[in-house]
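Student: The sequence and its predicted three-dimensional model are supplied below.
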Amino acid sequence: MKAIVIGIMAQEKIRERVLAIARGEYKPRSGEPKIWFTSMRSLAEVLSDENRALLKVIQETQPQSITSLAETTGRKTSNLSRTLRTMSNYGIVEMLREKNHVRPVAKATEFHIVAA
């Protein structure tokens, strides 16, 4: 599994970068971060030790639903669902809808962090 590059930059700088890309003034290079956080604190909340362990469990067990993942990890379904949704918003986890359930898929378990 490929490592995800994560960047840390002030919100206003992220906004400027996105607008420059949209205007065609800037083209991101291949190794640049695609996921951005505004602070180390917010990054630490999303990629806490517990959440990184959760990503490893998802990768190793490939659960068929959030409920089965909750049973494997011993976490409450509601708490787990909220955590997975947050990580999905950042592109770290993919939530695949299948029939009557949602299957979490870890997109990475390794991260490279670039502080701008």
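Tutor: Okay, I see it.

Student: quick one, what contacts the most centrally placed residue in the chain?
Tutor: Closest residue to the average C-alpha location of the chain: Ile92 at 2.2 Å, with C-alpha atoms, centre = their mean. With contacts defined as C-beta atoms under 8 Å, 6 or more residues apart in numbering, the neighbours of Ile92 are Ile4, Ile35, Val46, Leu47, Leu55, Ala106, Lys107, Ala108. No exception for glycine: its C-beta is placed from N, CA and C like everyone else's.

Student: Tell me who's in contact with the third one.
Tutor: When contacts are counted by C-beta under 8 Å, 6+ apart, Val46 is found next to Phe37, Thr86, Met87, Tyr90, Ile92.

Student: swap in the fifth one?
Tutor: For Leu55, the contacting residues are Met87, Ile92, Val93, Ala106, Ala108, Thr109, by C-beta under 8 Å, 6+ apart.

Student: rerun at 6 Å
Tutor: With contacts defined as C-beta atoms under 6 Å, 6 or more residues apart in numbering, the neighbours of Leu55 are Ala106, Thr109.

Student: Spell out which helix or strand contains it, please.
Tutor: helix 49-61 (DSSP states H and E).

Student: distance from the centroid: which residue in this structure tops it?
Tutor: Residue of the chain lying farthest from the centroid, by C-alpha atoms, centre = their mean: Glu25 (27.3 Å).

Student: Can you classify it by secondary structure?
Tutor: In three-state terms, and counting by DSSP: H, G, I helix; E, B strand; the rest coil, Glu25 is coil.

Student: same deal with the one 5 residues further on?
Tutor: Reduced to three states with three-state DSSP, the structure at Ser30 is coil.

Student: Glu45 now?
Tutor: What three-state DSSP gives for Glu45 is helix.

Student: what do you get for Ile113?
Tutor: Using three-state DSSP, the three-state assignment for Ile113 comes out as strand.

Student: That one pairs with what?
Tutor: Under the criterion DSSP bridges, Ile113 forms beta bridges with Ile6.

Student: Around it, count how many other residues there are.
Tutor: Using other C-beta atoms under 10 Å as the criterion, Ile113 is surrounded by 15 other residues.
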